[in-house]
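Undergrad: Predicted structure and sequence below. I'll ask about it afterward.
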Amino acid sequence: MQFSDLITTLGGLHQRLSQQAARQTDQLLTLRNYLFGFYIVEFEQHGTDRATYGEQLLKRLATELRSHAIKGVSDRSLRQYRQFYLAYPQIWQTASAKFNLPDFEQTRSIQTTGGKPGEQDIPQLNPALLLDRLTYSHFVELVKVDNPLLRRFYEVEALKNNWKVHELNRAITTLLAERTSLSTDKAAVIARIQQNQPATFEDLIRSPYLLEFLGLEEKPAYTENDLETAIIDHLQDFLLELGRGFCFEARQKRISFGNRHYRIDLVFYHRILKCHVLVDLKIGEFDHADAGQMIVYLNYYKANEMSAGDNPPVGLILCASKDNALVEYATSGMSHELFVSQYLAELPDKEQLKALIERESQGF
């Protein structure tokens with residue numbers, strides 16, 4: 001070993017161990033906050049002098065803890081810790097085993113399998129995996145999702161995609177779970193995603209797609225080329241909006257029939273579904289001719305571009321608006337191969353987005 005090798009080895013060792021120490025610190029902070037929440041709930045339900053404090057419990061507790069120089073204990077933070085525990089009672093066993101805590105009868109306060117009817121049917125993630133991969137800031141975002149099934153969706157997506165906190169926040173804020181076509185058996189779809197085996201493209205399709213990151217709302221008018229260029233310029237954000245598994249392959253893919261040439265706006269390959277995804281961009285309203293054009297593209301790819309092991313290609317038409325009845329008739333017989341979704345260049349407020357999703361979901 002030369003001196004330069006020694007420097008490289010020690011530098012790499014320092015970096016790896018420092019990263020591991022930082023992860024352990026984050027996990028311990030998460031567990032501390034969780035256990036704070038547990039003990040607060042236990043006191044609220046079984047404390048011998050709990051009636052003395054009533055609704056002022058968290059404020060009084062915050063004041064006392066700060067006097068002991070404990071950080072992160074404002075009454076707002078304590079309320080979040082309490083919500084954290086109530087949303088994730090299943091973490092208790094992992095936390096109590098790690099710190100060898102007294103054996104509480106946890107069922108007195110909340111069932112570890114979830115207290116709401118039907119929650120036991122929702123696919124569960126290993127609590128140790130959640131603690132290992134997610135920071136407390138991730139849990140703060142997840143606790144905001146009241147519906148346990150949708151919360152599980154975001155947990156799975158956050159783990160599979162290694163989402164940063166701001167990416168998880170955007171997904172929740174823009175109602176990603178509601179925009180994803182989760183069929184009628186939503187728990188089964190989440191289980192398939194969790195196992196890295198989405199059955200069909202229907203499990204992944206979203207409507208609407210939110211493209212506010214392109215900055216097109218600032219333009220008084222834009223063309224399909226502007227839209228395509230903006231997507232390429234923000235490809236990482238666009239891939240995040242599409243979902244896990246999409247790999248960019250081509251822009252303006254040329255296909256020819258004799259002396260006639262056509263171009264497919266964007267081509268992706270989905271490494272999990274093992275199929276090409278052909279994307280056609282339309283800045284106006286969907287027209288039946290758009291479906292006919294996409295069918296030509298799909299048939300061409302089936303005949304000329306598929307390799308051994310590939311599944312048939314899928315077409316996705318992204319348009320500014322669409323009539324659902326026209327889409328249904330135009331894509332009849334192609335329901336597993338051709339999809340039409342609306343995109344929004346500007347992020348609407350949550351109520352507008354909910355209304356749009358409700359309209360899109362009719363007939364699911």
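TA: Perfect, thanks for sending it. Only a predicted model underlies this, so the values are computations on that prediction, with no experimental measurement involved.
Undergrad: buried ones in the helix or strand hosting Gln83?
TA: Assigned by DSSP states H and E, Gln83 belongs to helix 75-87. Neighbour-count burial for helix 75-87, counted by 16 or more other Cβ atoms under 10 Å, picks out Ser77, Leu78, Gln80, Tyr81, Arg82, Gln83, Phe84, Tyr85, Leu86, Ala87. Every C-beta, even on glycine, is put in place using the N, C-alpha and C of the backbone.
Undergrad: Kindly report the same for stretch 26-35.
TA: Asp26, Gln27, Thr30, Leu31, Arg32, Asn33, Tyr34, Leu35.
Undergrad: for the chain, which spans come out with low pLDDT?
TA: For the chain, applying pLDDT under 70 flags the ranges 3, 102-123, 181-199, 217-220, 360-364.
Undergrad: for it, what's the longest helix?
TA: Counting residues, the longest helix found in the chain (DSSP state H) is helix 3-46.
Undergrad: Run the chain-centre distance for that one.
TA: Relative to its chain's centre, helix 3-46 lies at 24 Å (Cα atoms, centre = their mean, to the nearest Å).
Undergrad: what sits against Arg170?
TA: With contacts defined as Cβ atoms under 8 Å, 6 or more residues apart in numbering, Arg170 has no neighbours.
Undergrad: Can you tell me how far it is from Ala158?
TA: Distance, Arg170 to Ala158, by Cβ to Cβ, to the nearest Å: 12 Å.
Undergrad: After the helix or strand hosting Ser96, heading C-terminal, what element do we hit next?
TA: Taking DSSP H and E as the criterion, Ser96 maps to helix 92-99. Of the helices and strands lying after helix 92-99 in sequence (DSSP H and E), the nearest is helix 127-133.
Undergrad: residues making contact with that next one?
TA: Residues outside helix 127-133 that contact it (Cβ under 8 Å, 6+ apart): Arg23, Gln27, Thr30, Leu31, Tyr88, Gln90, Ile91, Gln93, Thr94, Glu155, Ala158, Leu159.
Undergrad: so what's the third one closest to, chain neighbours aside?
TA: What it means is Thr30. Tyr136 (4.3 Å; Cβ to Cβ, 6 or more residues apart in numbering).
Undergrad: cool, the last one as well?
TA: With sequence-adjacent residues excluded and distances taken as Cβ to Cβ, 6+ apart, Leu159 is closest to Arg133, at 5.5 Å.
Undergrad: Flag every buried residue along the very next helix or strand once past the longest helix of the chain.
TA: Counting by DSSP H and E, the next helix or strand C-terminal to helix 3-46 is helix 57-67. Buried residues in helix 57-67, counting neighbours by 16+ other Cβ under 10 Å, are found at Leu57, Leu58, Leu61, Ala62, Leu65.
Undergrad: for the helix holding Gln83, the distance to its chain's centre please.
TA: 23 Å.
Undergrad: Does anything pack onto that helix? Which helices or strands?
TA: Identification of packing neighbours for helix 75-87 by 3 or more Cβ pairs under 8 Å, 6 or more residues apart in numbering; DSSP states H and E yields helix 3-46, helix 57-67, helix 136-143.
Undergrad: quick one: the strands in the stretch 251-364 of the chain?
TA: Using DSSP state E, counting those that start in this stretch, the strands of the stretch 251-364 of the chain run over residues 260-270, 275-285, 314-321, 338-344.
Undergrad: How about the stretch 101-250 of the chain?
TA: Here the stretch 101-250 of the chain has its strands, by DSSP E, counting those that start in this stretch, at 209-210, 246-257.
Undergrad: Looking at those strands, which is nearest to Glu224?
TA: strand 246-257 (11.0 Å; Cβ to Cβ).
Undergrad: in the closest one, what counts as buried?
TA: In strand 246-257, counting by 16+ other Cβ under 10 Å, buried: Phe246, Phe248, Arg251, Lys253.
Undergrad: next one: stretch 269-288
TA: For stretch 269-288, by 16+ other Cβ under 10 Å, it's 269-270, 273, 275-283, 286-287.
Undergrad: got the end-to-end distance for that stretch?
TA: Length of stretch 269-288, first residue to last, Cα to Cα, to the nearest Å: 25 Å.
Undergrad: ok, of the buried residues of helix 57-67, which one's closest to Phe339?
TA: Checking those against Phe339 by Cβ to Cβ gives Leu58 as the nearest, at 48.2 Å.
Undergrad: show me the contacts for that closest one.
TA: Counting by Cβ under 8 Å, 6+ apart, Leu58 has contacts Ile40, Asp75, Leu78, Arg79, Arg82.
Undergrad: any idea how far the closest residue in space to the third one that isn't next to it in sequence lies from Leu142?
TA: With Cβ to Cβ, 6+ apart as the criterion, Leu78 has its nearest non-adjacent residue at 4.8 Å, and that residue is Leu58. For Leu58, the distance to Leu142 (Cβ to Cβ) stands at 21 Å.
Undergrad: same question, Asn304
TA: Distance of Asn304 to Leu142, given as Cβ to Cβ: 45 Å.
Undergrad: So these two - more neighbours on which side?
TA: Leu142 (21 against 8; other Cβ atoms under 10 Å).
Undergrad: contacting residues around the more buried one?
TA: Ala87, Leu134, Arg151, Tyr154, Glu155, Ala158, Leu168, Ile172.
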